[in-house]
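Enquirer: I'd like to go over a predicted model; first the sequence, then the structure.
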Amino acid sequence: MTIEQVIETVEEHSGVKVTGETKLSDIGLDSLEFLELMVALNVPDERVPYINTVQDLAA
Amino acid sequence: MTTLQIEPVEEWASESKDLVYAHWQELGRDLDLEIAPDFEKMKILESLGMFKVITAREEGQLVGYLLAVVNTHLHYRTSPPMFIVDAYFISPESRSGTGTKLFLYSESVAKKLGAIKIYASCKVHKDHSKFFNALGYQLSDFAFTKRI
């Protein structure tokens, strides 16, 4: 998934504008919303603990 | 940046006072008792490989922890160990995804330690059922307490 697609998906889930550098912890998702985002982006469970920024989701 | 790691009881104990107090204030049901974690007992269990402290840090600052006992189950002594979560807490300011990361990291630690099952619970007045269900946990017990 490209960074543009990731940004679009994160913005859909969070309702806020983000960039690659935006920290996921700063966009106000609760635990379930965070998990839904991980599922929407097909992030494997083992990678989730190491995701910090939007950019990390595209890696 | 959030980092997750196993830390010695000693290190966690030296930095956790404020978080432990916040934890007790938010989730404790026995606020008339003194909050006094038995770090020495935890260290003994740690030295036996039976106790793990897993921490979450943001820019190096402690923002959350999960404490777990790792041991063979009394009913299944010939089976691999179980990973029994004693307590977990995330600072209210750091809850956007950090709890998910902490539990997924802890699950990977449990697997590496050879554990075959995780036991975790939450308070009735802070129900995390949806969170646990989303992480693949199943409701298996009701726990009851009684002050005597």
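Expert: Yep, that arrived.
Enquirer: Flag every residue of chain B that's near chain A.
Expert: B:1-2, B:4, B:58, B:94-102, B:104-105, B:107-108, B:128, B:130-131, B:134-135 (CB under 8 Å from any CB of the partner chain). C-beta coordinates here come from the backbone N, C-alpha and C atoms, glycine included.
Enquirer: now those: which count as buried?
Expert: Neighbour counting with 16 or more other CB atoms under 10 Å in any protein chain shown marks B:2, B:4, B:58, B:94-102, B:104-105, B:107, B:128, B:131, B:134-135 as buried within the residues of chain B next to chain A.
Enquirer: Packing partners of the strand ranked longest in chain B?
Expert: The longest strand of chain B (DSSP state E) is strand B:61-71. The helices and strands touching strand B:61-71, judged by 3 or more CB pairs under 8 Å, 6 or more residues apart in numbering or on different chains; DSSP states H and E, are helix B:9-15, helix B:17-27, strand B:51-58, strand B:82-90, helix B:98-112.
Enquirer: per-residue pLDDT, residue 32?
Expert: By default, I'm working from chain A. Note on A:Leu32: pLDDT of 94.
Enquirer: not what I meant, chain B
Expert: Value for B:Asp32, per-residue pLDDT: 95.
Enquirer: count of residues packed around it?
Expert: Counted with other CB atoms under 10 Å in any protein chain shown, the neighbours of B:Asp32 add up to 7.
Enquirer: Distance of it relative to B:Asp38?
Expert: The gap separating B:Asp32 from B:Asp38 is 19 Å, by CB to CB, to the nearest Å.
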